[in-house]
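Student: Next comes the sequence, and after it the predicted model I'd like to discuss.
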Amino acid sequence: MNTIVHTQPVLVLGGTGKTGRRVVERLLARGVPTRIGSRSGTPPFDWEDRSTWEPALRGAGAAYIAYYPDMAVPGAVETVGDLADLAVKSGVTRLVLLSGRGEPEAELAEEAVRGSGADLTVLRSTWFMQNFSEEYMLEHVLTGEVRLPAGDVSEPFVDLEDLADVAVAALTQEGHVGQTYELTGPRLLTFADAVGEIARATGRDIRYVPVSVEEHAAAAAEHGVPADVIELLTYLFTEVLDGRNARLADGVQRALGREPRDFTAYVRAAAAAGAWDGSALAA
Ligand SMILES: NC(=O)c1ccc[n+]([C@@H]2O[C@H](COP(=O)([O-])OP(=O)(O)OC[C@H]3O[C@@H](n4cnc5c(N)ncnc54)[C@H](OP(=O)(O)O)[C@@H]3O)[C@@H](O)[C@H]2O)c1
């Protein structure tokens, strides 16, 4: 596929986060002018302060949009749609949107962004493998008990290295405009399977313990997790993890022409990088 030469910066919203920092690393390695769009970026970008949007967008030719905290929170659809409209008004022509698989609100946000008229590629992602090593599930893993209301549902966790490869392909190559890539890994795993793999790779005693949503919410509140975050997690565990996503998709293969990385490879790399012993950054 033909490569796009970016003379204007590519703005990466959430550029210090789990997906965005991987996108930034790849763009910089290709010599693409890149700007981080987050509260710690220069200039700072804050989803909650619209006066920061125009300065962050100024002069950019393309943007990767990862909304924070989640497409499912109230107001996200309007906010993301408004940002896309302003981006196009500011001269951004190409957008890559991180969306959530099986989430009705995320699909509404996709529509809102499509309405901006930008050349759009949607990455409709399943649960990240890195949630076990860089997110809220890390703490569970470190305590040795992953107590989640996920029953025995299967999930085709996706590796963020693959997601970032797809995002960068969509930002830097022709042929991805108009595509919606459903991104999954190559294998369905239950949470018990996933935790079992981490236990074997680390040689530690780590178990998955299925709990009710009520027990999960109560435990999170005891640990000081804010109420809105508990509400979001409860939504995700009840709505999105009801089995609707227990099937593989071919977005990685379609976008990159190769197979996605397996959970075992992710676990080996994350364990080698010290993700579960606190000695280094997660892989
Ligand atoms: N986790 C999953 O399994 C999953 C699956 C599918 C889709 N998603 C989607 O992924 C997206 C990102 O989620 P994530 O959990 O991976 O988060 P993340 O990208 O790791 O979030 C942190 C990033 O957001 C920035 N940020 C935080 N608050 C901000 C604010 N008010 N304004 C601007 N930037 C802000 C942070 O930088 P600063 O601190 O510098 O501001 C950082 O760059 C969500 O839209 C979610 O729906 C997640």
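Tutor: It's in.

Student: element containing Tyr64, please.
Tutor: strand 62-65 (DSSP states H and E).

Student: can you tell me if the next helix-or-strand element following that strand touches the ligand.
Tutor: Later in the chain than strand 62-65, the nearest helix or strand by DSSP H and E is helix 76-89. No. Applying CB under 6 Å from any ligand atom, one finds helix 76-89 out of contact with the ligand, separated by at least 7.6 Å. For glycine as for every other residue, the C-beta is placed from the backbone atoms N, C-alpha and C.

Student: could I have helix 76-89 exported to CSV, CA atoms only?
Tutor: C-alpha atoms of helix 76-89 as CSV (Å, rounded to 0.1, in the frame of the first residue of the first chain):
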residue,chain,number,x,y,z
ALA,A,76,-19.0,10.8,25.4
VAL,A,77,-20.9,10.6,22.1
GLU,A,78,-21.5,14.3,21.9
THR,A,79,-18.0,15.2,23.1
VAL,A,80,-16.2,12.9,20.7
GLY,A,81,-18.4,14.1,17.8
ASP,A,82,-17.8,17.8,18.6
LEU,A,83,-14.0,17.1,18.7
ALA,A,84,-14.2,15.5,15.3
ASP,A,85,-16.1,18.4,13.9
LEU,A,86,-13.6,20.9,15.2
ALA,A,87,-10.7,18.8,13.9
VAL,A,88,-12.1,18.9,10.4
LYS,A,89,-12.8,22.7,10.7
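
Student: Point out the residues in the stretch 1-150 of the chain that sit beside the ligand.
Tutor: With CB under 6 Å from any ligand atom as the criterion, the stretch 1-150 of the chain meets the ligand at residues 14-20, 38-40, 45-48, 66-68, 70-71, 98, 100, 125, 127-128, 131.

Student: in this structure, which spans are strands?
Tutor: 10-13, 34-37, 62-65, 94-100, 119-125, 145-148, 154-155, 180-183, 189-190, 207-210 (DSSP state E).

Student: that older thread, only the buried subset of the residues of the stretch 1-150 of the chain next to the ligand, as a PyMOL command please.
Tutor: Restricted to buried positions by 16 or more other CB atoms under 10 Å, the PyMOL selection for these reads:
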select buried, resi 14+15+17+18+19+20+38+45+47+66+67+68+70+71+98+100+125+127+128+131
